[in-house]
Every structure is written in C-alpha cells, then in structure tokens.
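> Predicted model, plus sequence, below.
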Amino acid sequence: QSALTQPPSASGSPGQSVTISCTGTSNDVSSYDFVSWFQLHPGKAPKLIIYEVSKRPSGVPDRFSGSKSGNTASLTVSGLQAEDEADYYCSSYAGSNNLGVFGTGTKVTVL
Amino acid sequence: EVQLVQSGAEVKTPGESLKISCKGSGYSFTSYWIGWVRLMPEKGLEWMGIIYPGDSDIRYSPSFQGQVTISADKSITTAYLQWSSLKASDTAMYYCLRQPPDRSLEDYWGQGTLVTVSS
C-alpha cells in the first residue's frame, strides 16, 4: 500500500485560508468515504480533526473543513491562527484486508 | 474521558530487546482495535499493526511482519509493541491509537514513545 501524496508544506498569514490535498488511488481514497485528517504538534498526542471526509469531532473548530473529489481529499483551514501551525496527515481506509494508509504529511506554517 | 497513555522514552543499544506499552482507559478496551504506527522524519506515519483485545486478532503490515510483536493484556487494558533485537533504523517515534470495530477511523492517539537506538 503506497502512502497517500500530500504537499510537503503549506503556509498562510493569520486570517487567511490554506488547503492541503491528499491524493490516493482507486484502492483507497476514491473507493471509501473514510478519509481522516490529523493534526500533530510536537510533544503532543496527534488529534483527529476530520473523519469520514468532512465530519468534525466534537470540539474541533468549524475553521477546519474537509472534502473529497475522486481520488483526492482536501483539508481547508480557514481563518488561520498561530496555533494551527503543525504537521497535518491524512489517512484512508483501504479495505478489510488492509490496515489503511497514511499521507506523507504537510507542514503548515503560519507566517 | 478516553485516554491512551504510552510508556516513556527509551534509549537502547543495537541488539537489545524492548517492549513499550499503551494503557487505555475511559472506554471498553476489548471493543476497539489498538493500532501501532511509526513516525520517522522524512518518512511520515506508517502502519505497523493492529490488535483487537477482545479476541486477540492481530494483523501486521507486511513491512513489519516478523520485525515486531504486538500483544495486549485486557486484564490491565494495556497493549504492547515489542522488539527482540533492535536496530539503529528502529529509531523513531511510536504511537498507539484506537479504532472502532469497523476500523473506519483513528479517533484517539497516545502521546507517543520516542525510541532511540544507538551504540
């Protein structure tokens, strides 16, 4: 199972929006609506911010939104804040006989 | 409150064995999968394997099959990841996480265990 492809970096000024793509294949992203996004801050437990393509867990600000088209999922962070500076990873379900697949990760910098 | 609490950082020499742990609390430990993933700089997150403590169903990523052993002790709601002979290339951050029975998402994560293997 090959990793999902994400851009290595993305950036924006406070208040702006940034969108991160996550490209997979017909074996994962395009076949299932089980795409998740995680936020990783150094020294902290990774945090689920989007699941099932576009759903937000309780407590996650609505500045975070997700979508999917074909084999590419996207995460948009609107109204960037300093605390949004982190690494972001996507993941996708890949069938009952596979463990799933993660993205390559994107470092978001708030300028 | 659901929590996954991992054991502390480890510094080992090549050839040593190691077992790190992940204690779950705040939920029914036997009703969710526990997964282990590796995070290495420039390589991102990689699945290592998963275990369903309810029936000890264990599945490994082909990349890690035979390299590590995953287990769980449901009496103390703790999952384990172990190596019999560490290599320098095992140096990484290791996370445990929780998945529901359908494995559709990874909803809670441990804080990570940094393993450093160096002579």
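Here it is on my side, so go on. Numbers count the residues shown, from 1 in each chain, chains lettered A, B, ... in the order given.
> For the residue sitting nearest the centre point of chain A, name its beta-bridge partners.
Closest to where the C-alpha atoms of chain A average out (CA atoms, centre = their mean) is residue A:37, at 3.4 Å. According to DSSP bridges, the partner residues bridging residue A:37 are residue A:50, residue A:90.
> pLDDT at it, what is it?
Here the pLDDT value assigned to residue A:37 is 97.
> how near is it to residue B:31?
25 Å (CB to CB, to the nearest Å). For glycine as for every other residue, the C-beta is placed from the backbone atoms N, C-alpha and C.
> And for residue 34, nearest residue in space, chain neighbours not counted?
Defaulting to chain A. residue A:93 (3.6 Å; CB to CB, 6 or more residues apart in numbering or on different chains).
> Please refer instead to chain B.
residue B:79 (4.2 Å).
> For the one you found, give me its contacts.
Contacts for residue B:79 (CB atoms under 8 Å, 6 or more residues apart in numbering or on different chains) come out as B:21-22, B:24, B:34, B:36, B:51, B:53, B:70-72, B:96.
> of these, buried ones?
The neighbour count (16 or more other CB atoms under 10 Å in any protein chain shown) marks B:21-22, B:24, B:34, B:36, B:51, B:53, B:70, B:72, B:96 as buried among these.
> quick check, nearest of those residues to residue A:15?
Nearest to residue A:15 among the buried ones among the contacts of residue B:79 is residue B:96, at 36.1 Å by CB to CB.
> Now that closest one: which helix or strand?
Secondary structure assignment for residue B:96, by DSSP states H and E: strand B:92-99.
> List the pairing partners of that strand within its sheet, with orientation.
strand B:33-40 (antiparallel), strand B:108-109 (antiparallel), strand B:113-117 (antiparallel).
> Please name the nearest non-neighbouring residue to the residue nearest the centre of chain B.
By CA atoms, centre = their mean, the mean C-alpha position of chain B lies nearest to residue B:36, the distance being 3.3 Å. Ranked by CB to CB, 6+ apart and with sequence neighbours excluded, the top spatial neighbour of residue B:36 is residue B:48, at 4.4 Å.
> which residues touch that neighbour?
So residue B:48 contacts B:35-38, B:60-61, B:63-64, B:68, B:70, B:81, B:94 (CB under 8 Å, 6+ apart).
> Is it correct that it falls within a helix?
No. Under DSSP: H, G, I helix; E, B strand; the rest coil, residue B:48 sits outside any helix and is assigned strand.
> Which per-residue confidence value corresponds to it?
Listed pLDDT for residue B:48 reads 97.
> and the gap between the residue of chain B most remote from its centre and chain A?
Here chain B reaches farthest from its C-alpha mean at residue B:119, the gap being 23.8 Å by CA atoms, centre = their mean. Remark: distance between residue B:119 and chain A (CB to the nearest CB, to the nearest Å) = 26 Å.
> The residue nearest to the centre of chain B bridge partners, please.
Judged by DSSP bridges, the bridge partners of residue B:36 are residue B:49, residue B:96.
> For it, list the residues it contacts.
By CB under 8 Å, 6+ apart, the residues touching residue B:36 are B:22, B:48-50, B:68, B:70, B:79, B:81, B:94-97.
> next one: phi and psi at the residue lying farthest from the centre of chain A?
Of all residues in chain A, residue A:97 has its C-alpha farthest from the mean position, at 23.1 Å, by CA atoms, centre = their mean. When read as degrees, to the nearest 10, the backbone of residue A:97 gives phi -90, psi 10.
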